[in-house]
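**Student:** below: sequence and its predicted model.
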Amino acid sequence: MSSSVEALVNREYQHGFVTDIEADSLPPGLSEDVIRHISAKKGEPEWLLEWRLKGYRAWQKMEEPHGWANISYPPIKYDEIVYYSAPRTLKPLGSLDELDPKLKATYDKLGIPLTEQKLLAGVAVDAIFDSVSVGTTYKAHLAEMGIIFCSFSEAVKEHPELVRKYLGSVVPITDNFFASLNAAVFTDGSFVYIPKGVKCPLDLSTYFRINQAGTGQFERTLIIADEGASVSYLEGCTAPRRDENQLHAAVVELVALQDASIKYSTVQNWYAGDENGLGGIFNFVTKRGKCAGARSKISWTQVETGSAITWKYPSVLLQGDDSVGEFYSVAVVNGRQQADTGTKMIHLGKRTRSVIISKGISAGRGNNSYRGLVKVLPKADGARNYTQCDSMLIGNRCGAHTFPYLDVQNRTSAVEHEASTSKIGEDQIFYLKQRGLNTEQAISMVVNGFCKEVFKELPMEFAVEAQKLLGVSLEGSVG
Amino acid sequence: MLEINNLHAGVEGKDILKGITLTVKPGEVHAIMGPNGSGKSTLAQVLAGHPVYQVTEGTVRYNGADLLDLEPEERAQAGVFLAFQYPVEIPGVTNAYFLRTAYNELRKARGEEEVDPMDFLDIIEAKLKVVQWGPEIMSRAVNHGFSGGEKKRNEILQMAVLEPRLCILDETDSGLDIDALKIVAAGVNALRSPDRAMIVVTHYQRLLEFIVPDVVHVLVDGKIAKSGGKELALELEARGYEWIAGPMEPVGAGS
């Protein structure tokens, strides 16, 4: 048994390759000049530059948050990060066919073909390579329905009124250290607007790829579902395998107006570092949705398997009466990975409901924490929350922690919390092996069963991908 | 089919099996009886390859190959099946998915094509009859929330689907009421065939009224103390294990 386990341990991160492409990068370090430079490079309007500078000035007065999150890492050297990097060959594209073959090959290798006829039926993709979007598929088709799906930079140019209205409306410039940093230096991301009453017929998807060494990735995604609209959005990410840590500090804002619904699914597979904790992405992400209108709904589903550090709390502000917030999460740590992830459900409106299902899997020497806040404000009559937090341990050198916070200020509300911790047993593995499965398949089956409630929330193709990924992430975790 | 020669095995330095020698031929049903702690279940687990047990001496040949040299899954792929005394629960994984995966792993090992979910439904339909079950059981999670009797029936269902050549039943009768026992025994009997051997581990003679063995072995303190025909089980029933083992803790034989 030990030899097969060893072979699995040594299996490599599959997306760890580097694309050899000339990049147009700014020198490392951050200053107002760098921000002006980024803004000028992108041809941004004055108001956006001012907005960025406000973010930068706020950030300078803030301190990196340490202490409350159950993670530890060396100080991030913000002066050594490159804040802007773009493939040099990138020109405005008439169509995706003009895309640099090297970039196209990169996405093919990642299994994300950017040619529309080859695409998964029913998924439109925006591909972000380092700091910029390299292409968006199915755009014209969607535009016929009034749906806007484009890179953030393009939205600033083509739809400034929408960007200006909603940018920072959910995650303000001064929200937190990493959100302020993002406000100052964000380079690209995806923008989605679904007009009134339109149900988006395709799953929209953004694929993030960090390539250039020493760069940080600071994308910003803004999704607005107007009254009665609905959309399902998928996000995937990978990065090359490198010995140094790279910072990813993204912001995602979702706005659902009356009767609108947004489903946001993430499969996060940034490079996690090696088994000794060398390298890997520091993933400090702020994701928040606002159920602004009555009966609106926002649902987050995340499968977090990558990154050396994951620090993210996709949250929902339940402002509209009868609005619904959901958070379904699978977080896996192996090797020396650390995750501190969870959600905040803030109940403001009447009869607002939220569901939290969190599945934490810890293996190797990984450390996994669930951190969640359920807050019911005085006016949220009849608010309901149900939280379920399950942890699974594989081996005996890993950690699992749960930090649930409840702040209930309304007597007519009801909040439920359930938690469990289990250990994947030698007996479970032996049982499955006795039926002909190998160790890897056996672990994968037990863990997938454990995560089932979350996986069933993912769109079909993504669910299959997530299951495979889980198998890969846990290779070598039992020995 | 199976030749066990002077098998010694134990856990963490404690000897449990102290020299078992036993030959099982295709088509035969061997019953292994014995008091608690005599090593019956250990023998079953060692044959299946449970990692907690170490074999310290002796050999086990299975169809000419060294069984002890194989990983548990390789043994399964070679046709060795253990019906567990305590079947394990796998929450969130349906019986259908689990059984199909196992079925396909065994097919792959034989160099055969995998069957798709639709074809597997046809295969399973006939097998469910062996344990008198309807298709609903296939969408429940493996053994999760099953009663003791359902768990044992599920073991026999798996045996029917996977069509092993050597079946080892570890206390399949424990915790069953008489109706469940009859269903399980009928399932086992339906699977008896000239090219399949069975080792039935049991504490009580009761099971052997329904699954009639060709040979009965009595295991005492890690060794086979006596072997005989099916009448040996009846004699044990009447006289208790002390008859062979000498004075010992009461074990409730014959209850």
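**Tutor:** Sure thing, it's come through.

**Student:** for chain A, what's the nearest residue on chain B?
**Tutor:** residue B:92 (3.0 Å; C-beta to the nearest C-beta). All C-beta spots, glycine's among them, are computed from the backbone N, C-alpha and C.

**Student:** what about that residue, neighbour count?
**Tutor:** If you count neighbours by other C-beta atoms under 10 Å in any protein chain shown, residue B:92 ends up with 20.

**Student:** same question for residue A:53.
**Tutor:** Neighbour count of residue A:53, defined by other C-beta under 10 Å: 17.

**Student:** so what's the residue nearest the centre of chain B bridging to?
**Tutor:** Centroid check for chain B by C-alpha atoms, centre = their mean gives residue B:169 as the closest residue, at 1.9 Å. Going by DSSP bridges, residue B:169 is paired in beta bridges with residue B:83, residue B:200.

**Student:** for residue A:382, which non-adjacent residue is closest in space?
**Tutor:** Using C-beta to C-beta, 6 or more residues apart in numbering or on different chains and skipping the chain neighbours, the partner closest in space to residue A:382 is residue A:351 (4.4 Å).

**Student:** what does that neighbour show for phi and psi?
**Tutor:** When read as degrees, to the nearest 10, the backbone of residue A:351 gives phi 50, psi 30.

**Student:** please identify the residues of chain B in proximity to chain A?
**Tutor:** Residues of chain B lying near chain A by C-beta under 8 Å from any C-beta of the partner chain: B:48-52, B:71-73, B:75-77, B:81-82, B:84, B:87-88, B:90-93, B:98, B:101-102, B:105-106, B:109, B:141-142, B:158, B:162.

**Student:** apply 6 Å and report the result again.
**Tutor:** B:48, B:50, B:72-73, B:76-77, B:82, B:88, B:90-93, B:102, B:105-106 (C-beta under 6 Å from any C-beta of the partner chain).

**Student:** what about these, which are in helices?
**Tutor:** B:48, B:72, B:73, B:76, B:77, B:102, B:105, B:106 (DSSP state H).

**Student:** considering these, which is situated nearest to residue B:6?
**Tutor:** Checking these against residue B:6 with C-beta to C-beta, the nearest one is residue B:48 at 19.5 Å.

**Student:** read off the pLDDT value for the closest one.
**Tutor:** In this model, residue B:48 is scored at 97, pLDDT.

**Student:** quick one: contacts for it?
**Tutor:** Residues in contact with residue B:48 (C-beta atoms under 6 Å, 6 or more residues apart in numbering or on different chains) are A:434, B:82.

**Student:** ok, now the one 5 residues further on?
**Tutor:** For residue B:53, the contacting residues are B:9, B:11, B:45, B:46, by C-beta under 6 Å, 6+ apart.

**Student:** which among those end up buried?
**Tutor:** In the contacts of residue B:53, burial by neighbour count holds for B:9, B:45, B:46, counting by 16 or more other C-beta atoms under 10 Å in any protein chain shown.

**Student:** buried ones in the host helix or strand of the first one?
**Tutor:** Just to be clear, that refers to residue B:9. Element membership for residue B:9, per DSSP states H and E: strand B:2-11. Buried residues in strand B:2-11, counting neighbours by 16+ other C-beta under 10 Å, are found at B:2, B:3, B:4, B:7, B:8, B:9, B:10.

**Student:** okay, now the closest residue to chain B within chain A: neighbour count?
**Tutor:** Nearest residue of chain A to chain B, counting by C-beta to the nearest C-beta: residue A:449, 3.0 Å away. By other C-beta under 10 Å, 21 other residues sit near residue A:449.

**Student:** with residue A:474 instead?
**Tutor:** By the criterion of other C-beta under 10 Å, residue A:474 has 23 neighbours.

**Student:** then residue A:332?
**Tutor:** For residue A:332, using other C-beta under 10 Å, the count is 29.
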